[in-house]
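Engineer: Provided below are the primary sequence and the corresponding predicted coordinates.
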Amino acid sequence: MTDITEFDIAETRTITAHGIEAWKEEIWELAKLSGPVILTQLAFMAIMTTDIVMLGHLGVRAIASAALGSVVFFSSWLLGYGQVCAIAPMVSHILGAQPDDQEKVRAATRMGLWSILIVAPFQMAILFGTKHWLLAFGQDPVLAAGAGTFASALAFGLPFSLGYQALRNFATALKRPRAAMVVMISTVFFNALGDYMLIFGHFGAPKLGILGAGIASACSYTFSFFVMLIIVQTTPELWKYRIFRDFTRPDWSYFAEVFHLGLPIGLTMLFEGTLFNASLLLMGRFGAASVAAHQMSLNPPSITFMVPLGIAMAATVRVGHAAGAGDGDGVRRAGYAAMALAVVFMSLCGIVLALFPHTIAGFYLDAHVAQNAGAIALAAVFLRVAAAFQVFDGLQVVAALSLRGLKDARMPMVLAGASYWLAGFPACLFFGFRLGLKGFGIWLGLAFGLLVAAAAMCARFYYMARDR
């Protein structure tokens, strides 16, 4: 009996050691894959941040107009982004099951690119009507006109932005995320130079103000697509898939899957994005200072959000590969390890936002200018609420994208719709208008929506991963 017990103990220790090593390896693989993805996401955010910071030199109205224009742009952009996002889980599943299947990878990527050509004209039409959409929502006519100018210029870069994302998802699914990182970092500098020239009229360029910011960003999106295209065509590990071979040949099964999987993904992100966009429109009822404060306060947590988003995009690939290979333990490890990394990072971000809100707000508007004092004070309040919801924000995106790796898109769409629009938006209205808390109440509603979404998405992943 003693010998059996000792054997059992030794075997248990061996199994435990192997388990710990598997978790360590998973965390390391996630870190390797997500590092370049995170930097890519941060660089992507830096483009819009550069616009906001440079437009801040033109005053509160310029920031508010750009914020409203960005609302319409990203709402329209998300209508096509879901189909582009479908490329990563589709390719990951293909490679998990058959690591050398170039033909299927090529077909899935090709159909993702087709979706851009189909949807982009409708998205651009929405952007050209930005001024009229905003006036219909009761926004200030001056701000609506500026937003229309900004969004109309951005419209020309929208298809190229989605094209870059398609190529990026293809490369990331093949565990080659650094190419996209290099492209996006170079795009940040390209955009900053364009902003400097076209907003203020430097280096002989015309002084175009908010129109210049829109043109610079549109050119940046175009730049990112063509540079990424060159890298895909010249990198041996990516070029061997020859994704543009027989480009005009349809593959209807993958075409259907792109939309079957992509539309729910797009709607999931649209539900969250439009909640924050709607909150900006609600802020418009409290004046330009509230709109500017809201935009300034939304930018820092949007930047911190890029890290768990990058981890989540890596989790999509890791979960997808494990699911394609039929590895249930690998699915659970990938999802839960990604959640743990997101919680640690977002906890630290929450502490920083809570301790230094006035300093952070001062990056966007000059605190020494008297007319900026109201917007900065409001922004400091909003940033403290943002500090409180950092962990929820990180958890909900990692859980949602881990589910995407399982090709589970419809239920997360339902959960997102319910969390943001049946819980979050009514809470914004209740706290902001019913209780008279105005902008502070709207931010409390946003925090509540993210809390509900985090709980729902994590529960869904637990249920789906357990069954495997």
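Structural biologist: Yep, it's here.
Engineer: The closest residue to Leu33 other than its chain neighbours is in what secondary structure piece?
Structural biologist: With CB to CB, 6 or more residues apart in numbering as the criterion, Leu33 has its nearest non-adjacent residue at 4.0 Å, and that residue is Ala314. (Glycine included, C-beta is placed from N, CA and C.) Assigned by DSSP states H and E, Ala314 belongs to helix 288-324.
Engineer: what about that helix, distance to the chain center?
Structural biologist: 5 Å (CA atoms, centre = their mean, to the nearest Å).
Engineer: I'd like the next helix or strand past it.
Structural biologist: helix 328-355.
Engineer: ok, now how distant is Gln390 from Ile376?
Structural biologist: 21 Å (CB to CB, to the nearest Å).
Engineer: These two - which one has more neighbours?
Structural biologist: Gln390 (27 against 22; other CB atoms under 10 Å).
Engineer: Which residues are in contact with the more buried one?
Structural biologist: Pro301, Thr304, Met346, Ser347, Cys349, Gly350, Leu353 (CB atoms under 8 Å, 6 or more residues apart in numbering).
Engineer: Most widely separated two among the residues you listed?
Structural biologist: Pro301 and Ser347 (13.5 Å; CB to CB).
Engineer: follow-up on the earlier one: verify the stated contact: the residue nearest to Leu33 with Ile27.
Structural biologist: No: with contact defined as CB atoms under 8 Å, Ala314 does not count as touching Ile27 (11.0 Å).
Engineer: More neighbours: the two, which one.
Structural biologist: Neighbour totals were compared for Ala314 and Ile27, and Ala314 leads with 30 against 16 (other CB under 10 Å).
Engineer: Show the low-confidence segments of the stretch 301-450 of the chain, by residue range.
Structural biologist: Counting by pLDDT under 70, the stretch 301-450 of the chain contains low-confidence residues at 365-371.
Engineer: residues near Trp421, how many?
Structural biologist: 16.
Engineer: on that earlier part again, more neighbours, Pro301 and Ser347?
Structural biologist: Each of Pro301 and Ser347 has its neighbours counted (other CB under 10 Å); Pro301 has more, 22 against 12.
Engineer: Would you enumerate the residues in contact with that one?
Structural biologist: With CB under 8 Å, 6+ apart, Pro301 has these contacts: Cys349, Leu353, Leu383, Ala386, Phe389, Gln390, Asp393.
Engineer: Show me what secondary structure element comes after the strand or helix carrying the fourth one.
Structural biologist: To tie it back to what came earlier, the one meant is Ala386. Per DSSP H and E, Ala386 falls inside helix 373-388. Next in sequence after helix 373-388, counting helices and strands by DSSP H and E, comes helix 390-405.
Engineer: Convert that next one to CSV, retaining C-alpha atoms only.
Structural biologist: The C-alpha trace of helix 390-405 is given here as CSV (Å, rounded to 0.1, in the frame of the first residue of the first chain):
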residue,chain,number,x,y,z
GLN,A,390,-10.5,49.1,-16.8
VAL,A,391,-10.6,45.5,-15.6
PHE,A,392,-14.1,44.9,-17.0
ASP,A,393,-13.1,46.4,-20.3
GLY,A,394,-10.1,44.1,-20.6
LEU,A,395,-12.1,40.9,-19.6
GLN,A,396,-15.0,41.5,-21.9
VAL,A,397,-12.8,41.9,-25.0
VAL,A,398,-10.5,38.9,-24.2
ALA,A,399,-13.5,36.6,-23.6
ALA,A,400,-15.3,37.8,-26.7
LEU,A,401,-12.3,37.2,-29.0
SER,A,402,-11.5,33.9,-27.4
LEU,A,403,-15.0,32.9,-28.3
ARG,A,404,-14.3,34.2,-31.8
GLY,A,405,-11.4,31.6,-31.9
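Engineer: quick thing: my sequence starts at 41, can you match it?
Structural biologist: New numbering, starting at 41: the last item is helix 430-445.
Engineer: now it, how far from the chain's geometric center?
Structural biologist: For helix 430-445, the distance to the chain centre is 11 Å (CA atoms, centre = their mean).
Engineer: same thing with stretch 126-134?
Structural biologist: 18 Å.
Engineer: What mean pLDDT does that stretch get?
Structural biologist: The pLDDT scores in stretch 126-134 average 88.
Engineer: for stretch 208-227, same thing?
Structural biologist: 87.
Engineer: Can you list the buried residues in stretch 295-311?
Structural biologist: 295, 297-299, 301-311 (16 or more other CB atoms under 10 Å).
Engineer: Give me the next element, helix or strand, following the helix or strand hosting Thr149.
Structural biologist: In this assignment (DSSP H and E), Thr149 forms part of helix 142-168. Toward the C-terminus, helix 142-168 is succeeded by helix 170-176 as the next helix or strand (DSSP H and E).
Engineer: who touches that next one?
Structural biologist: 108-109, 112-113, 166, 181, 183-185, 187-188, 190-192.
Engineer: likewise stretch 202-213?
Structural biologist: With CB under 8 Å, 6+ apart as the criterion, stretch 202-213 contacts 73, 77, 80, 117, 120-121, 124-125, 127-129, 131-132, 135, 145, 149, 152-153, 156, 160, 217, 219-220, 223, 261, 264-265, 268-269, 272, 278, 281, 283, 353-354, 357, 360.
Engineer: filter the residues you listed to the buried ones?
Structural biologist: 73, 77, 80, 117, 120-121, 124-125, 127-129, 131-132, 135, 145, 149, 152-153, 156, 160, 217, 219-220, 223, 261, 264-265, 268-269, 272, 278, 281, 283, 353-354, 357, 360.
Engineer: Next step: those residues restricted to strands.
Structural biologist: Under the assignment DSSP state E, these contribute nothing to strands.
Engineer: Could you list which of those belong to helices?
Structural biologist: 73, 77, 80, 117, 120-121, 124-125, 127-129, 131-132, 135, 145, 149, 152-153, 156, 160, 219-220, 223, 261, 264-265, 268-269, 272, 278, 353-354, 357, 360 (DSSP state H).
Engineer: Next, the contact list for the residue nearest to Leu73, please.
Structural biologist: Leu70, Leu73, Ser74, Val77, Thr212, Pro217, Ala378.
Engineer: got it, and Arg285?
Structural biologist: Counting by CB under 8 Å, 6+ apart, Arg285 has contacts Arg146.
Engineer: what about it, is that helix, strand or coil?
Structural biologist: coil (DSSP: H, G, I helix; E, B strand; the rest coil).
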